[in-house]
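predicted model follows, preceded by the sequence.
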Amino acid sequence: MTENEVAKIVVDSAYHIHTKVGPGLLESAYETVMEHELRKRGLRVERQVPVSIVYDDLVVSDAFRADLIVEDLLILELKSVEQMHPVYAKQLLTYLKLTGKRLGLLINFNTRLIREGITRVVNGLPD
């Protein structure tokens, strides 16, 4: 399965979740429901994955935690905020670079229409 195939399933899952529960829940609730929905669709999902970084000879354990990693291909960063800040996409790009992943989706569930809340972030993935 490719990154884009996984992303398509994730976007469809986000749509179904948003339709059923709507906006306004805590990010942790969307994270739990998204994990459940993706597993139900047969995908491998890791939640709150700790990622370390190395700077010179210093190892920083748990430099960040990825909300969800799907099929070891796609990082999902989930939000439930009134306004998206450009730094969120920059952070996701950094996560992609540090993990060697090529695609991430930033999903804000606090929107009227879910398609308005999905941002695709790419790290070297060909068109």
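That came through, no problem.

can you give the contact residues for the host helix or strand of V49?
Element membership of V49, judged by DSSP states H and E, is strand 45-55. For strand 45-55, the surrounding residues in contact (Cβ atoms under 8 Å, 6 or more residues apart in numbering) are 31, 35, 38-39, 59-70, 72, 95, 98-99. For the C-beta atoms, the positions are set from N, CA and C on the backbone; glycine is no exception.

mind listing which of those residues are in helices?
31, 35, 38-39, 95, 98-99 (DSSP state H).

which of the residues you listed sit farthest apart?
Between any two of the ones in helices among the contacts of strand 45-55, the greatest separation by Cβ to Cβ is 25.1 Å, found for R39 and L98.

point out where this structure drops to low pLDDT.
Scanning the chain for pLDDT under 70 picks out the ranges 127.

how far away is E46 from T99?
Per Cβ to Cβ, to the nearest Å, E46 is found 11 Å from T99.

for the two, list the residues in contact with both.
In contact with both E46 and T99: 66, 69, using Cβ under 8 Å, 6+ apart.

who's more crowded, the two?
Between E46 and T99, counting by other Cβ atoms under 10 Å, T99 is the more crowded of the two (18 against 13).

and the helix or strand that contains S13, what's buried?
Take DSSP H and E as the rule and S13 turns out to sit in helix 3-21. For helix 3-21, a neighbour-count test (16 or more other Cβ atoms under 10 Å) marks 3, 6-7, 9-11, 13-14, 17-18 as buried.

and those, which is closest to E116?
Nearest member of these to E116, counting by Cβ to Cβ, is H18, at 10.3 Å.

picking up where we left off before, dump the buried residues of helix 3-21 to TSV, plus distance to N123.
What follows is these, written out as TSV (distance: Cβ to Cβ, whole Å):
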residue	distance to N123
E3	10
V6	15
A7	13
I9	20
V10	17
V11	18
S13	22
A14	21
I17	25
H18	26
